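**Q** with the input below, show me the fold.
(one chain, ligands or ions: 1)
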Amino acid sequence: MEVGFLGLGIMGKAMSLNLIKSGFKVTVWNRTLSKCEELAKLGASVGETPAAVVEKCKYTIAMLSDPSAALSVIFDKGGVLEQICPGKGYIDMSTVDASTTSKINEVVSAKGGRFLEAPVSGSKKPAEDGQLIILAAGDKELYEEIIPAFDVMGKKSFYLGQVGNGANMKLVVNMIMGSMMNAFSEGLVLADGSGLNQNTLLDVLALGGMANPMFAQKGPAMIQRSYPTAFPLKHQQKDMRLAIALGDQANVSMPIAAAANEAFKKAKGMGLGDHDFSAVHEVVKIPENASGK
Ligand SMILES: NC(=O)c1ccc[n+]([C@@H]2O[C@H](COP(=O)([O-])OP(=O)(O)OC[C@H]3O[C@@H](n4cnc5c(N)ncnc54)[C@H](OP(=O)(O)O)[C@@H]3O)[C@@H](O)[C@H]2O)c1
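**A** From the prediction side, this is the model:
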C-alpha cells in the first residue's frame, strides 16, 4: 500500500516510521524539508510539496500542529487541493476543531476526493509503539480502506460517523486530560507545601481508583521539575482553547477547563510552550524558599 505522510513532528515521525517498518511504501513531506532526511534513509520517498505527495499516493495522511497548519497544507501553493481528485483519499490525523475538518472535507469533496478526520489519543511513546487510539469520522469506505495503516499506528480505531465527531471527541478527551494535569500539579505542590513526601503521594494515588499511566509516568519527573517533551504544552493549550470554543457552541459551562486553560496560557507566557504539557506544574509550583515556613 502506497501512503503519503505530511508532517514529521514528534507524532508524524513515529507514525510514518511504523508504516515504513511494516512494509508500506511511504512518501513523506515536512514544511522543514530537512526533517525528511532521516526517514529517507530508512526507506521513505520524499515529496517536494504536499501536492507532489498527493499526486503520487492514493492515500495521504497528515499530522500537523494546529488548524492553521492543517488548512495551509490544503490551500497554499503546492498544497493538497492542487492534486486531490476522484480515487484519492485524504486523512487528517491532526488535533483540530470540527470547523477546520468540515472546511477540509468540503474542498476535498468538491474536487472528487474523499476525506476522513482521524485524530489520535496517545502520546510520543504510544505513537512509537503503534499503540495510539484513533478517533475517525467521515468517509466510511475510506475508513475501511485505510484500516491496515491504522492497525499499524494504533491499538484501536473508532469510527464515529460524520465529520466533526472525531475532532470533537478528541477535544473532549484532551480537555479532561488538561484539567487532570492541572489538578495533579496542584496536588503535588500542596503535598510539598504541607510537608508531605511527593513520592508517597504518587504511591498512594497509584494504589487507588485514581491510578492512571499519566500520573505514574510523568509524576516522578515533575517532582524533579523535569518536563521532557512528549506532548508540547503549546499544543495542549491549543486543545483547551478549541475545547472551550466547543463548550461555547454547545452552551456547556466548563469552569474547571477554563481555569486549566489560564494556567497553560500562563505557562506559555513563561516560555514553557515547547516543554511537555506537564510543565504547567511550574505555574503552581511554590517558588523555592517562598513556602512561608
Ligand atoms: N505529541 C503528542 O503527544 C500528541 C498526542 C496526540 C495528538 N497530538 C496532536 O498531533 C499533532 C502533531 O503533534 P506533534 O506533537 O507531532 O507536534 P510537533 O512536534 O510540534 O509537530 C508539528 C508538525 O506540524 C508542522 N507544521 C506546523 N505548522 C505548519 C504549517 N504552517 N504548515 C505546514 N506544516 C506545519 C511542523 O513542521 P515543521 O517541522 O516545519 O515545524 C511539524 O511537522 C498536533 O495537532 C497535536 O495536538 C500530539
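**Q** please count neighbours and contacts with C-alpha atoms only from this point.
**A** OK.
**Q** interface residues of the stretch 1-150 of the chain facing the ligand?
**A** By C-alpha under 6 Å from any ligand atom, the residues of the stretch 1-150 of the chain that approach the ligand are 7-12, 30-32, 63-66, 69, 72-73, 94-95, 120-124.
**Q** so of those, which ones are in helices?
**A** Using DSSP state H, 10-12, 69, 72-73, 124 are the members of these that sit in helices.
**Q** neighbours around residue 5, how many?
**A** Residues contacting residue 5 under the criterion other C-alpha atoms under 10 Å number 29.
**Q** confirm it sits in a strand?
**A** Yes. Under DSSP: H, G, I helix; E, B strand; the rest coil, residue 5 falls within a strand.
**Q** quick revisit: can you redo the ones in helices among the residues of the stretch 1-150 of the chain next to the ligand as a markdown table with pLDDT?
**A** A markdown table is the format used below for those (pLDDT from 0 to 100):
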| residue | pLDDT |
| --- | --- |
| 10 | 97 |
| 11 | 98 |
| 12 | 98 |
| 69 | 98 |
| 72 | 98 |
| 73 | 98 |
| 124 | 95 |
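**Q** among these, name the buried ones.
**A** By neighbour count, with 16 or more other C-alpha atoms under 10 Å, those hold 10-12, 73, 124 as buried.
**Q** report the two of those separated the most.
**A** Put simply, by C-alpha to C-alpha the two of these set farthest apart are 73 and 124, 22.8 Å from each other.
**Q** so what's residue 16 up against?
**A** Contacts for residue 16 (C-alpha atoms under 8 Å, 6 or more residues apart in numbering) come out as 5, 8, 26, 28.
**Q** can you pick out the most distant pair from the ones in helices among the residues of the stretch 1-150 of the chain next to the ligand?
**A** Farthest-apart pair in those is 72 and 124; separation 24.1 Å (C-alpha to C-alpha).
**Q** the helix or strand where residue 135 lies pairs with which strands, parallel or anti?
**A** For residue 135, the element it lies in under DSSP states H and E is strand 132-138. Sheet pairing for strand 132-138, assigned by DSSP bridges, gives strand 114-117 (antiparallel), strand 120-121 (antiparallel), strand 154-159 (parallel).
**Q** show residues contacting the first one.
**A** In this case it means strand 114-117. Strand 114-117 is contacted from outside by 86-93, 101, 104-105, 108-109, 135-139, 142-143, 163-164, 166-167, using C-alpha under 8 Å, 6+ apart.
**Q** try the second one
**A** In this structure, residues lying in contact with strand 120-121 by C-alpha under 8 Å, 6+ apart are 93-95, 132-135, 170, 173.
**Q** same thing but 7 Å
**A** Outside of strand 120-121, the residues that reach it under the criterion C-alpha atoms under 7 Å, 6 or more residues apart in numbering are 93, 132-135, 170.
**Q** once you drop chain neighbours, what's closest to the most centrally placed residue in the chain?
**A** In the chain, the residue lying closest to the centroid (C-alpha atoms, centre = their mean) is residue 95, at 5.1 Å. Nearest residue to residue 95 in three dimensions, chain neighbours excluded: residue 119, at 5.4 Å (C-alpha to C-alpha, 6 or more residues apart in numbering).
**Q** looks like that neighbour contacts residue 97 (just checking).
**A** No. With contact defined as C-alpha atoms under 7 Å, residue 119 does not reach residue 97; the gap is 10.2 Å.
**Q** for residue 224, find the nearest of the strands paired with strand 132-138.
**A** Smallest distance to residue 224 across these (C-alpha to C-alpha): 26.2 Å, for strand 120-121.
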